[in-house]
Each structure stands twice: as C-alpha cells, then as structure tokens.
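Peer 1: Sharing a sequence plus its predicted fold:
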Amino acid sequence: MVPGQFSGDPVLSATQAAAVDDRRQQSAFTQWIDDGQGGELGQSRLLIGGMYCAACAGQIEAALLRIEGVSRADVSGAAQRAVVVWDPRRTRVSSLIEAVRAIGYGAFPDTGAQAVAQASQASRQSIWRLFVASFCMMQVMMYATPSYVAGAGDITPDMLRLLNWASWVLSIPVMIFAAGPFFRGAWAGLRARRISMDLPIALGVAVTFVASSVATFHPDGAIGSEVYFDSLTMFVSFLFAARTLEARARRRAAQSLDAVMRRLPDAVERLDAQGRGELVPASMLTVGDRVRVHAGQAFAADGRLLEGRTQVDEAMLTGESRPVDRATGEEVSAGCLNLGAPVVMEVLQLGAQTRYQRIVALVERALTERPAFILATDRLAGPFLIGVLVLAALAWGAWMVIDPSRALWVAVAVLVVTCPCALSLGAPVALLATAGELARRGVVVQRLDALEVLTRVGDVVFDKTGTVTEDRLALAATVEMQPTAPVCAGLPAGLLRDVARQLAERSSHPLSRALVQALPPADWSAEPADLLEQAGQGVQASVRIAACSLEARLGSGAWCAAADMAATVARPQVWLAVRDGADAAAAWQPVLRFEFDEVLRSDAARGTARLAAAGLKLHLLSGDQPGSVAAMAARLGIDDLRAQCTPQDKLSAVEALQRQGRVVAMVGDGINDAPVLARADVSIAMGTAAALAQARADVIVLSDRIEDLPLLFDTARRTLAIVRQNLRWALAYNAVSVPLALAGWLPPWLAGIGMAASSLVVVVNALRLTRRRAWGSGGR
Amino acid sequence: MDILFLLIPLSIVLVFLIIVVFAWALKSGQFDDIEREGERMLRTDPDELDSSQPRR
C-alpha cells in the first residue's frame, strides 16, 4: 500500500464512521483501561498502510497526538501498526482514522480480517510493480543492445532514434508504476519538511529520465545524444526486487502475530435456546452465547466448555506443542485449536478482552517502542541524507570542471549508491524478528531495551521457590510410628495406608489429593462410616476391618494428637491416628506420618544447568524454611541461597549485587514483590499466564518453562550480535561505495545493484534469527 | 531492414498488451495464493475449494 492510495477523501463515510465508532465493533481492536480518575480510556490498535521508513512513524504519531483527547500514540514502522490511547468522552475512533488519512497514510482498525485483506492487497501491488519493472527492463535492454554492439556507421541515425524512442516509451510505465512509491515517499517527506530516504533515489531516477528524454528528442542539445534508459529501468527493477524481498522478510519477521490472528474463524456455529446451530459471523457473538466448535476448528473466543471433552492445541499461547486435555467446565482460549472432538462452549470473553488478544497487545506494545540504540541510528539518518545531497552536488560541480559529459552521471551514481536504509533498518528488523520468534515460543518481551541488558547480565536471581516449582505437592516420605498401645492387635502398615487413602479420597484438601495420587488404590473396600470433616483440621471416620472396628483420623498433627512431634518436622505433613472404635474415651494414637515436598518443574534442573553453563551466576532467595530451600537449591545446582527472606531482604540482596557492579536479572512471578523486580536490571516473570494483565516485567515467560530462560539469554546475545554486524556492514558499505562513486568508477546501474544488495544483506542477516533451532524439548 | 520500422512499434504494442493481460490476471486473484495449487493434490477434502473454513 502506498500513501497515494489514500490521498483521496480522508473523511470516512457516515456508515464507515458509525461502524468504527460502534462500541460493540470496537471490542475487536480496543481494550478499555482505567484512567485512574474513575473514567476509562480506549487503547485501540490501528493498522497503518503506506509506511516505508521509520521516519513516517514520527509523522503519524505527531498527527495523532494533535487530536484533542489522545493521550498517547505509538507507531511501529516495522510492524505497520499503531497503538493509540484515547478518551471516549473527547474523541472518537473515526477522528483518529481521519487524522491519519489526512496526512496521506492509510488507517484501519486492526482486526484480523483487515490485516489479511491489506496483506493480500499489498502483495498484489508489489507483484504488479515487480512485473512491470522487470518486463519493461527486459524489452528496453533489447532496444539498447544494437547501440552497444554496432560499430561506427553500422546503424543509421534514423534507426537509432527509433530505438531510443521505443526505449523512452517503455520507460514510462516503469516510471509511473514501479518508481511511483519512491516519488511519493520523497514528496511526502518534502511536504513534511523532512528529507526522506526516498529522496536521493527519486532525484537520481528523475534526473536520469529527464536527461535521457532530452537526449532522445534533442540529440543535438547540450546533454548530447547519450541515453540511459537501460540503466534506469534496470536500477528501478533491481531496487524494487530488493524492496519486495525486504517487505516479504519483514512480514515473515512479524508473521508469528499475523499467522495466529488469521487463525480466529470468521464464522461460528451459534446454538439457540433449542440447541439448533446457526452459522453467524464471529463478530456477532456476544458474551454468554453458546457455540459449537468442531474438531479441527479454532475457538473464536475465550470460554468454558459446556459439553464434551477434547484435546486442545495451545501452542500459540504457551509455545507448548503437546495438546492439553480439556473437559467440561474447563476454560479454553480464543485462537487455540480444538483437536479432539466436537464441543459446546459458552462465550466468556470476546475480542480484545481475550487472553490471546492481550498477549498480542503486549507484543505489539513492545514493537511500537523504540529502544535507545534504535533512536541513535534514527538520528544519524537525517544528517547522513543531507550529506549525500551535498556530496552529489559537489561531485557534479567538480566533474563539470574535469569532464562535463560525465558530471550528471557521477552525481546520479552518488545519489543512488548511498544506502541509509541499511543503517536505519539494521536494528529494528533484527529486534522485530527476535520478538516475533520469542513470542512464538511463549516468551513475550515487553521492553525491547531489555534484550540489550540481557546480554550484560551476570547474575540470575530466582525470587521465591514458586518460580521453579509446580503448584502442587508430592509425597516425599512415609514414617511409621510405634503406637504405645496397639489397636486391633497390630494392623500392618500396608493396611493403615489403605485406611489413609480411603479417608483422603473423601477430602478435597490439596494434601489429601496429593496423598490419593501417591498411594496405590486400596484392595479393600469397606466404606468408612460416620464421616466427619473439620475445616482446617482433617477428617475422621469409623472403619471396620475384619473383626476389628476402629476410628481413624487423617489431618494435622494437632488433630491427631501429635502436636509435639509435628513441630520437629519442617515439611508440610499429614498424620494418621487411630483408636479403638468401641472405646470413645480412648486416646488417639498417631501411627503414620506422610511428609510432602514441593515438586520441581520437570525442566528446572536442566534449565538452571544450562544457565550455569552459559556462565551466569545463580542465586535463590526464598521466604520458605531453610531446610526445604537448601534441598531445592541442591537439586537445582544453585550455590548461593538465602531462606526466610522478607521482601526487604530480597531488595537489599539485589542492591548488594548491583553495588559489586553485577548486572542482575530477577526471575519472579511478576505480581508480588514488584519492588524487587523493579530494582533488578531485567525482570522476568514466570507462571503469570492467568494474571497477564497485572504482570509488570520486562519479559514474560508464558510457557513457564525454566528451559526457555537459557534460550532467552542466548537469543538476546545473538540479536545484539546481528544488530552490531548490520550497523558495521552499513557503515562499511557506505564508506567504500561513496568515494568510488565520487571518483566516477561506479556507473549508475552498478550503484543501483550495490544499494539494493546492501539493504537486502541487512534484512537477510536479521532473518537468521528466525531460523528454527533445535532447542530443548517441548518447543517447536 | 525497413520492416524494422514496423516491427519495433509493433513490439511496443505487444509489450503493453502483455502488461494489460497480466494486470487482469493479477486483479482476478490468480497470484494470491500460489502454493495452493501445488498443495491441492495432497488434500483429501473434496470440497476444499468452496469450503468456508479459513485456511491456516
């Protein structure tokens, strides 16, 4: 899409305006956020068309911020998207769109379907331009060949003029269709009193065309009879081929977002009160609707399963490629694929409120910000372009003295060969590729600057054990007690375990559930009677085994008359006590003690080992008891640990490390301990997928895999290395090519190839970041 | 030799004609999804072409 396509009437028609201002339609691209004063602000995502460089982004931002009621506007040139925060009491979405259109760019609400339509339109445009440019170039080459191969006098002046004339005719479509974007870009820049990157190219192309045209029609004039239509068409088509490849590469970098967006179905089968299905557009769904989702279909909204049981592919949320089981009553997320069987779900959240859209919003929010080192290259591009124009003018002046017939072509070569694109594209395209690739694995980078800091991190601090453990407990040990007065003449311990399991099955306490999982099913099936559950204490029941009747209690140490012994054990525990069922006054006798332990995430040890192997120093700060923290640290191979930390202790521990000049990454849950996370140089949140909106961290690991941390550090390092390579390459290329062009050793066509290749090298280099690498398990 | 004075303008007309035909083909969506035809033999779904399901 090019600016010119939107240069028509910027004002939306009444129906279009009504559509984008309709509150229900807005939910597809807008999130409502609290403004802190009791009102709410809309945070809308817009798709921007016609952006070619980072400088356009600033212009669009300025136009949006001029609107009364817009408090924030971030535009990303690379992702072609804008995030606008606006006040619904003071402005409307249609005003935002009109403001962007008024300065010559396209703007659409960023719903999935629009993105697809715009992508296909843009792809048609670029195929068209590429075809016109290369087809005409081919033909112009044929007309140009005779003048190169013919000796003096072999070709009649009439024929030469006819060939020149034919080349001229075929250059016109190239100028109009293929070179159009360069002219429009240059013009849009000039109108905004700014030198855009298209200006040197547009100048070079225009000068070549005008000079060659004059030479064609007035061969006896001042310019001479030499024509350069072949160089011109070749230059334009090469440049355009490079741009097409570049755009394709950029799309691939941003594709992890778009690809999943397209996953949301357009039409869904909504069930009415009688259970009859009706196919309706997904945009017509409201909260509370019942929807049937067939196997192979994606869920259109966040919801709860009402009927059926299935496997769901949630890879786009977590990067976990193994399907997860979802049964009736469990929740499913929009965009995830239903793999197993047809199910019916109730819609709970729609549009921008869904979990998936919130992740997309997080990623896009990060993509629209410009980290410090990108700002530096952006600032460099402006003076660089002015320098190029001045150099070209000076070269022209100097060659007018040395050899006037070559002056024009040397100036054109200087204009064409310089490549500020490589300079301004080198960093953003690499960051975009990285952010997209990490998002695909379930790692969301919220602050792009964090990638740079990650490469300097020397210490990783795990804040609390919850980040390395699962949220369930497992049976670690069973201890048998010697009862002082045997009940039922010494029941075997195996039988007592069966009793414990029977009781545990009748309680919903997490420890009971862990016990049920750990103990084998009882092969004895007497129903416990007189069941009594005491909240916070345990369960009690009477059981008959063979001829013996006994009462059993399962629960806390105090409940089972073992308070003294319980105090000596650090781990969470459950006791089993029995007494003679016939004697209600008998004392409870503790017979079994079950000790529990937190379960390490299955990949935690592998993950920390890799982090340590990468030369990072690991620390564990925990509020738990020293015993369990030490056991955990030993299993993870972490030497430096501190137990029973208060939040203040954690803060001072991080500060102490920083005073030693260490750069600290903090791994926490992103919600609690916010001050510690904020103090660390980089904060990484894990296990927060449920409370995504509140997570305040530089990086959010949705997948909850510790193994993704080494991947994150490694990717950050590779990204920075590639950014540096790109900048070095861009500087070196310009430093070599400009003097060559000034010296007159670069013909314009070679300059064109050089410039096209140079920006292509940068993009392709950045794309290496998206190459799949076999990393860990469970990933894709 | 003189025939070239006719043939060269004719070749220009031909070039424009080809460009127009290509424009028509592009506009009717023939290049929107070039991988699809190649993949079609691998599909088992007989009415894939008029299926309303979005392709992934």
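Peer 2: Cool, got the structure.

Peer 1: Can whichever strand or helix holds A:A122 be said to contact chain B?
Peer 2: Element membership for A:A122, per DSSP states H and E: helix A:112-149. Yes. With Cβ under 8 Å from any Cβ of the partner chain as the criterion, chain B is reached by helix A:112-149 at A:S120, A:S123, A:R124, A:I127, A:W128, A:F131, A:V132, A:F135, A:C136, A:Q139, A:Y143. Yep, even glycine has a C-beta here, placed from its N, CA and C like the rest.

Peer 1: just checking, A:N338 touches A:G303?
Peer 2: No. Taking Cβ atoms under 8 Å as the definition, A:N338 is not a contact partner of A:G303, at 11.3 Å.

Peer 1: Output the contacting helices and strands for whatever helix or strand comes next after the helix holding A:A122.
Peer 2: Counting by DSSP H and E, the next helix or strand C-terminal to helix A:112-149 is helix A:157-173. In terms of contacts (3 or more Cβ pairs under 8 Å, 6 or more residues apart in numbering or on different chains; DSSP states H and E), helix A:157-173 is packed against helix A:112-149, helix A:198-217, helix A:229-261, helix B:4-27.

Peer 1: Now the last one: average pLDDT?
Peer 2: Across helix B:4-27, pLDDT averages out at 92.

Peer 1: how about that helix: buried residues?
Peer 2: B:I8, B:S11, B:I12, B:V15, B:I19, B:F22, B:L26 (16 or more other Cβ atoms under 10 Å in any protein chain shown).

Peer 1: export the helices and strands packed on helix A:157-173 to JSON lines and tack on distance to A:W409?
Peer 2: JSON lines is the format used below for the helices and strands packed on helix A:157-173 (distance: least, Cβ to Cβ, whole Å):
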{"stretch": "helix A:112-149", "distance to A:W409": "16"}
{"stretch": "helix A:198-217", "distance to A:W409": "8"}
{"stretch": "helix A:229-261", "distance to A:W409": "9"}
{"stretch": "helix B:4-27", "distance to A:W409": "26"}
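
Peer 1: In terms of mean pLDDT, which of the ones you listed ranks lowest?
Peer 2: helix A:229-261 (a mean of 70).

Peer 1: Ramachandran coordinates for the residue in the stretch 301-450 of chain A that chain B sits nearest to?
Peer 2: Relative to chain B, the nearest point of the stretch 301-450 of chain A is A:L337 (8.6 Å; Cβ to the nearest Cβ). Dihedral pair for A:L337: phi -100, psi 130, per degrees, to the nearest 10.

Peer 1: ok, for it, nearest residue in space, not its chain neighbours?
Peer 2: Spatial nearest neighbour of A:L337, excluding adjacent residues (Cβ to Cβ, 6 or more residues apart in numbering or on different chains): A:D313 at 4.1 Å.

Peer 1: dump the residue contacts of the residue of the stretch 301-450 of chain A closest to chain B.
Peer 2: A:R263, A:G296, A:Q297, A:A298, A:F299, A:V312, A:D313 (Cβ atoms under 8 Å, 6 or more residues apart in numbering or on different chains).

Peer 1: Which positions in chain B make contact with chain A?
Peer 2: B:4-5, B:8-9, B:11-12, B:15-16, B:18-19, B:22-23, B:26-27, B:31-32, B:52-54, B:56.

Peer 1: and A:R270, which of the three is it?
Peer 2: State at A:R270, reduced to three classes by DSSP: H, G, I helix; E, B strand; the rest coil: strand.

Peer 1: so which helix or strand takes in the residue nearest to it when sequence neighbours are not counted?
Peer 2: Nearest non-adjacent residue to A:R270, counting by Cβ to Cβ, 6+ apart: A:V280, 5.0 Å away. Assigned by DSSP H and E, A:V280 belongs to strand A:277-281.

Peer 1: Same question for A:V416.
Peer 2: helix A:404-417.

Peer 1: Low-confidence regions, the stretch 351-500 of chain A specifically.
Peer 2: A:360, A:362-371, A:373-374, A:377-378, A:419-421, A:464-466, A:471-472, A:483-493 (pLDDT under 70).

Peer 1: For stretch A:26-40, give me every contacting residue.
Peer 2: With Cβ under 8 Å, 6+ apart, stretch A:26-40 has contacts from A:20, A:41-46, A:85, A:87-89, A:93, A:109-111, A:283, A:350-353, A:357-358, A:361.

Peer 1: Got the phi and psi for A:V75?
Peer 2: phi -120, psi 130.

Peer 1: repeat for A:L12
Peer 2: Per degrees, to the nearest 10, the backbone of A:L12 is at phi -80, psi 150.

Peer 1: Excluding chain neighbours, what is closest to it?
Peer 2: Leaving aside its chain neighbours, A:L12 sits nearest to A:S94 (5.3 Å; criterion: Cβ to Cβ, 6+ apart).

Peer 1: what about the helix or strand containing the one you found, distance to the chain center?
Peer 2: Per DSSP H and E: A:S94 is located in helix A:93-102. Taking Cα atoms, centre = their mean, to the nearest Å, one finds helix A:93-102 lying 27 Å from the centre of the chain it belongs to.

Peer 1: Now do that helix: which elements does it pack against?
Peer 2: Using 3+ Cβ pairs under 8 Å, 6+ apart: helix A:93-102 touches helix A:14-21, strand A:40-49, helix A:54-65, strand A:81-86, strand A:106-109.

Peer 1: buried residues in it?
Peer 2: A:V93, A:S94, A:S95, A:L96, A:I97, A:E98, A:A99, A:V100, A:R101.

Peer 1: mean confidence score for it?
Peer 2: Computed over helix A:93-102, the average pLDDT equals 85.

Peer 1: Not counting its own residues, what contacts that helix?
Peer 2: Residues contacting helix A:93-102 (Cβ under 8 Å, 6+ apart): A:6, A:10-12, A:16-17, A:20-21, A:26, A:30, A:42, A:44, A:46, A:48, A:60, A:63-64, A:66-67, A:70, A:82, A:84, A:86, A:106-109.

Peer 1: Please pick the buried ones from the residues you listed.
Peer 2: A:6, A:10, A:12, A:17, A:20-21, A:26, A:30, A:42, A:44, A:46, A:48, A:60, A:63-64, A:67, A:70, A:82, A:84, A:86, A:106-109.
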